[in-house]
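Q: any chance you could fold what I've pasted below:
(2 chains, ligands or ions: 2)
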Protein chains: 2
Amino acid sequence: MSKAKKTAVTPTREENFPEWYQQVIKASDMAENSPVRGCMVIKPWGYGIWESIQRDLDRRIKETGHENCYFPLFIPLSFLEKEAAHVEGFAKEMAVVTHHRLVAEDGKLVPSGKLEEPLVVRPTSETIIGDAFARWIQSYRDLPMLVNQWANVVRWEMRPRIFLRTAEFLWQEGHTAHATAEEAMEETLRMLEVYRVMSEEVLAMPVIVGEKPAHERFPGADKTYSIEAMMQDGKALQAGTSHFLGQHFSKAQNIRYQTAQGGEEFCFTTSWGVSTRLIGGVIMSHADDNGLRVPPRIAPKQIVFVPITRADGDEALIDEFLAPVVKELSAQSFGGERLRVHVDRRPLAPPEKRWEWVKKGAPIICEVGPRDVAGGTIAMIRRDGELKGQITPKDEFVARAASILADIQNSLFTQAKTMLESRTVTVKTKDEFLSVFSGDTTFGRKFVRAKWCGDADTLAMLDELSVTVRNVPFDQDGAPGTCVLSGRPATQEVIFAKSY
Amino acid sequence: MSKAKKTAVTPTREENFPEWYQQVIKASDMAENSPVRGCMVIKPWGYGIWESIQRDLDRRIKETGHENCYFPLFIPLSFLEKEAAHVEGFAKEMAVVTHHRLVAEDGKLVPSGKLEEPLVVRPTSETIIGDAFARWIQSYRDLPMLVNQWANVVRWEMRPRIFLRTAEFLWQEGHTAHATAEEAMEETLRMLEVYRVMSEEVLAMPVIVGEKPAHERFPGADKTYSIEAMMQDGKALQAGTSHFLGQHFSKAQNIRYQTAQGGEEFCFTTSWGVSTRLIGGVIMSHADDNGLRVPPRIAPKQIVFVPITRADGDEALIDEFLAPVVKELSAQSFGGERLRVHVDRRPLAPPEKRWEWVKKGAPIICEVGPRDVAGGTIAMIRRDGELKGQITPKDEFVARAASILADIQNSLFTQAKTMLESRTVTVKTKDEFLSVFSGDTTFGRKFVRAKWCGDADTLAMLDELSVTVRNVPFDQDGAPGTCVLSGRPATQEVIFAKSY
Ligand SMILES: [Zn+2]
Ligand SMILES: [Zn+2]
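A: Numbers count the residues shown, from 1 in each chain, chains lettered A, B, ... in the order given. Ligands and ions are numbered 1, 2, ... in the order given. Presented below is the predicted three-dimensional model:
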């Protein structure tokens, strides 16, 4: 491929990061906006990535003892009214079903059959699942109750952004009930750790693990924890959250159990979720100016062969050459799954096909022409490196393919980790703080790690800069110090960042 | 277990089939009605069965060249208005979203933020996917377009019935576009055959494959095909449908392609789907008066061990005995998947646990006590046979487990097949026809196979009997004959039945 600076995606990340993001999604054909405001259509390449994430995470959720269920899409208004504090956080923007019928009137369809009680399309399922828990849990023997569901949820969005903030999105939501606060807290942190491992090992997306400050808690939660990732524009993405809900929901919903001693107690509950937002995180972590780069663990196709056919008969020749290669590769494993190998036989020009796979970010793209067949080689392009075919003996490629995928997985993680570390700065003074977050720093934007007092008056300063406290990382030095914003004594270090 | 006639489920099938159905669902803890009218909560055992069905069918859908996508939950009213005939079939009962906000007023929440255009919660996705197809398909090179989605859909139901007819249900819907009518018809029949194989081989549910009569077609379809199963009460269950939509939707939605010759043509489209209704079919095909019997291919747990502990130390002893057994079993495969083996260590009385697994219908339940450990045996209960433990040397059990599961799968299929065949009667006269469908025949109800003219006036007769034409089976003798209802000449044989 040419050494010219021309990129497959315009604009580049440096030129206009938000527009680059949209163009990568288009170039990789992952998804598109739908005619329904704020809702997206997830296309095969995007949905394939989601299926990989689901498969991996579902296994981890089951290995930690949870069972999948399915709860209704609709929530009666009365359920939300019961949960006043909860509503406060979500009530603003929800899809409300008010009618159950359409009738034709003057060639138009109009809603009819008004519901006695309006129904809300679930924005999250604490209330409807809590209602079931109140019925299902009688005794300490029923605890812990550990359920998960994969579902769509709807939160009306005023400024939708594909994958990052859509009216409808797909997610999993875990909901659990426990006899003691200790067990519920263990569960909360266990699932946060599951998210960290999945994010780092599978999405190759390093994260900062910590507790959200009080004002950023999930409505109704006693404590909210998050994993936060750094996007290439230096903004933070909250990639997953886990909530310790204390007895707040169990008291509102009457989730009680009889103890071994015969007494009656309210349960302690948790909830935790990740969504299709993770795909937005993968894009902004790993894509470059030539399109997406998919971490091999979640690539729908990991190795793509593009036959280079010029003359009649080339196709049959190359097919014959590739058949045993594909067979041997497909029998190998990487990350606990069989290799996903694909031969692109579409009747398109080979360079067109190659560029398509570059833009989609298939981890390994192999071109094979008649000369390769004669020489027993393939021309291998690693999507994490220069986009130039490396002539490789086919037997060597077959022998090394799984370890090359592992190497690509590592290199994407290392690149992202290096970025996160090199662009997280520790500052001591407010002036330093302001200089990091002011000016046009689009592509050089940073995270600030600094002491913070947590007082309310500092929030206004942050608001003005459009900066937020991402979380209080678990690793703390614990040394007394001074709040970078107020100058007051402060011990805890937090991550400040602009964010999605 | 005792030989008394007492059954785990009351009433029995003969006593009250509809109530028995509800009680089996309760006894097996598969699902329950939710506080949201017509919506169900699918519990782990029911959802696990659905996950098995999904895993199997998803593989078949992908092997036939389809890719999974995800389309919006909401459909703008204008999309339905475009599709007048389509609306006619669905317009009656749909969930309509009219507002996108809730506000608190006098302690109540009231809908606010009226939408300019109401949105309908998808009852099916032809219109929203057709809209995408119109954008995605430009040239013959884009064809065939083969997509599928796994999703929830909502059809307001006046008489909901868990799994069979619920306001919200889960399903897959395939949607495809083709250059020619022939290719679209091939696709329609290919997916019908996929459903037949899945139903018979995986759900152990024999079906009659055929075309729906014109008046039972999907709104907008040129032809609708179905698989029909017989439930134990002799009623038919439409278990899956596949539609040849001709150019009806492509013309309404402008789905056109440029031909190789440069002309422009409308595509031919298809759609096909199966839903959580299949679980209702599994229950009414295989459950007995002691609860569910799950075909091994879809059982979330296929082999369940119940330790019989009486004295202290028994538990450790049995665990030690079982560890290598579970390990060896879990390494074996059945139906292309690893055996799903479970040891039930809950602190409950062993007979209680055994009965729970009988009611859930785990295919093999093994009791293991200290005497078994000493003798190297297990007491195996096959759920398809008498509920009596057969003492079996553990090595023999390990060696034969996969083939026993295959045998149970076959025996459930054979029982259902025998019922379908023995209770499908051929009749020649209207009197015979009436005698089959009149009187109180609840548990002896039958299918009638007979010639039918297809004329409109026969439908009123059927209505009066609450009998429907299920389908026109593919296997026909083609001999001229007489319509069983009208006495007019008729060549086609059809299946008449009461139905769900
Ligand atoms: Zn609350
Ligand atoms: Zn139409």
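Q: which stretches of the stretch 151-300 of chain A form helices?
A: A:181-197, A:248-253, A:277-286 (DSSP state H, counting those that start in this stretch).
Q: buried ones in the first one?
A: Neighbour counts over helix A:181-197 (16 or more other Cβ atoms under 10 Å in any protein chain shown) mark A:E183, A:A184, A:M185, A:E187, A:T188, A:L189, A:M191, A:L192, A:E193, A:V194, A:Y195, A:R196 as buried. In short, each C-beta sits where N, CA and C put it, glycine included.
Q: phi, psi for A:A399 please.
A: Main-chain dihedrals, A:A399, degrees, to the nearest 10: phi -70, psi -30.
Q: and A:W50, that's in a strand?
A: No - checked against DSSP: H, G, I helix; E, B strand; the rest coil, A:W50 lies outside a strand; its state is helix.
Q: ok, which of the helices of the stretch 151-300 of chain A comes nearest ligand 2?
A: Across the helices of the stretch 151-300 of chain A, the minimum distance to ligand 2, taken as Cβ to the ion, is reached by helix A:277-286, at 34.6 Å.
Q: counting by contacts, list what that closest one packs against.
A: Using 3 or more Cβ pairs under 8 Å, 6 or more residues apart in numbering or on different chains; DSSP states H and E, the elements in contact with helix A:277-286 are helix A:17-27, helix A:44-63, strand A:223-230, strand A:236-246, helix A:394-422.
Q: any idea of the angle the last one forms with helix A:277-286?
A: Angular relation of helix A:394-422 and helix A:277-286 on a 0 to 180 degree scale: 90 degrees, by axes from the mean of the first three to the mean of the last three Cα atoms, to 10 degrees.
Q: can you point out the buried residues in helix A:394-422?
A: Going by 16+ other Cβ under 10 Å, helix A:394-422 has these buried residues: A:394, A:397-398, A:401-402, A:404-405, A:407-409, A:411-413, A:415-417, A:419-420.
Q: OK, contacts around the residue of the stretch 301-450 of chain A found nearest ligand 1?
A: Using Cβ to the ion, the point where the stretch 301-450 of chain A gets nearest to ligand 1 is A:F447, with a distance of 32.0 Å. Listed by Cβ atoms under 8 Å, 6 or more residues apart in numbering or on different chains, the contact set of A:F447 reads A:I208, A:M230, A:G234, A:A236, A:L420, A:R423, A:T424, A:V425, A:R470, A:I495, A:F496, A:A497.
Q: now, which of these lie close to ligand 1?
A: The overlap between the contacts of A:F447 and the neighbours of ligand 1 (Cβ under 5 Å from the ion) is empty.
Q: what's the closest of those residues to B:L465?
A: For those, the residue nearest B:L465 by Cβ to Cβ is A:A236; the value is 67.0 Å.
Q: ok, A:M198 to A:L387 distance?
A: As defined by Cβ to Cβ, to the nearest Å, A:M198 lies at a distance of 29 Å from A:L387.
Q: the helices and strands packed on helix A:277-286: which one's closest to B:K92?
A: Taking the helices and strands packed on helix A:277-286 one by one with Cβ to Cβ, helix A:44-63 is closest: 31.7 Å.
Q: strand partners of the next helix or strand after that closest one, parallel vs antiparallel please.
A: Once the chain leaves helix A:44-63, the next helix or strand it forms, by DSSP states H and E, is strand A:67-68. Strand partners for strand A:67-68, identified by DSSP bridges, are recorded as strand A:145-154 (parallel).
Q: just how off-centre is the strand it pairs with within its chain?
A: Average the C-alpha atoms of strand A:145-154, do the same for its chain, and the two points are 16 Å apart (Cα atoms, centre = their mean, to the nearest Å).
Q: could you tell me the per-residue confidence at the closest residue to A:M419 other than its chain neighbours?
A: In space, not counting the residues next to it along the chain, A:M419 is nearest to A:M230; the distance is 6.4 Å by Cβ to Cβ, 6 or more residues apart in numbering or on different chains. As predicted, A:M230 sits at a pLDDT of 98.
Q: among the contacts of A:F447, which one sits closest to chain B?
A: Set against chain B, the nearest of the contacts of A:F447 by Cβ to the nearest Cβ is A:A236 (26.5 Å).
Q: what distance do you get for that closest one to ligand 2?
A: Taking Cβ to the ion, to the nearest Å as the criterion, A:A236 is separated from ligand 2 by 48 Å.
Q: A:C366 bridge partners, please.
A: In this structure, A:C366 bridges to A:F305, A:M380 when assessed by DSSP bridges.
Q: ok, now which ones touch it?
A: By Cβ under 8 Å, 6+ apart, the contact set of A:C366 is A:I303, A:V304, A:F305, A:V306, A:I378, A:A379, A:M380, A:I381, A:F397.
Q: what about the second one, how many neighbours?
A: If I follow you right, that is A:V304. As a burial measure, the neighbour count of A:V304 was computed by other Cβ atoms under 10 Å in any protein chain shown and equals 25.
Q: distance check, it against B:G336.
A: Relative to B:G336, A:V304 is positioned 26 Å away (criterion: Cβ to Cβ).
Q: give me every residue that touches A:P35.
A: B:P76, B:F79, B:I128, B:D131.
Q: take those residues and write them to TSV, including distance to A:W272, neighbour count and secondary structure.
A: As requested, the contacts of A:P35 are arranged in TSV below (distance: Cβ to Cβ, whole Å; neighbours: other Cβ atoms under 10 Å in any protein chain shown; DSSP: H, G, I helix; E, B strand; the rest coil):
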residue	distance to A:W272	neighbour count	secondary structure
B:P76	34	21	strand
B:F79	36	23	helix
B:I128	31	25	helix
B:D131	35	24	helix
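Q: closest one of those residues to ligand 1?
A: Looking across those and measuring by Cβ to the ion, the closest to ligand 1 is B:P76, at 34.6 Å.
Q: I'd like to know how far that closest one sits from A:F163.
A: In this view, B:P76 and A:F163 are 22 Å apart by Cβ to Cβ.
Q: which of the contacts of A:F447 count as buried?
A: Under a neighbour-count criterion of 16+ other Cβ under 10 Å, the subset of the contacts of A:F447 counted as buried comprises A:I208, A:M230, A:G234, A:A236, A:L420, A:T424, A:R470, A:I495, A:F496, A:A497.
Q: as a markdown table, those residues with distance to B:L459 would be great.
A: As requested, the buried ones among the contacts of A:F447 are arranged in a markdown table below (distance: Cβ to Cβ, whole Å):
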| residue | distance to B:L459 |
| --- | --- |
| A:I208 | 68 |
| A:M230 | 67 |
| A:G234 | 69 |
| A:A236 | 64 |
| A:L420 | 69 |
| A:T424 | 73 |
| A:R470 | 66 |
| A:I495 | 70 |
| A:F496 | 72 |
| A:A497 | 68 |
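Q: tell me which two in these are the farthest apart.
A: Farthest apart among the buried ones among the contacts of A:F447 by Cβ to Cβ are A:L420 and A:F496. That separation is 14.4 Å.
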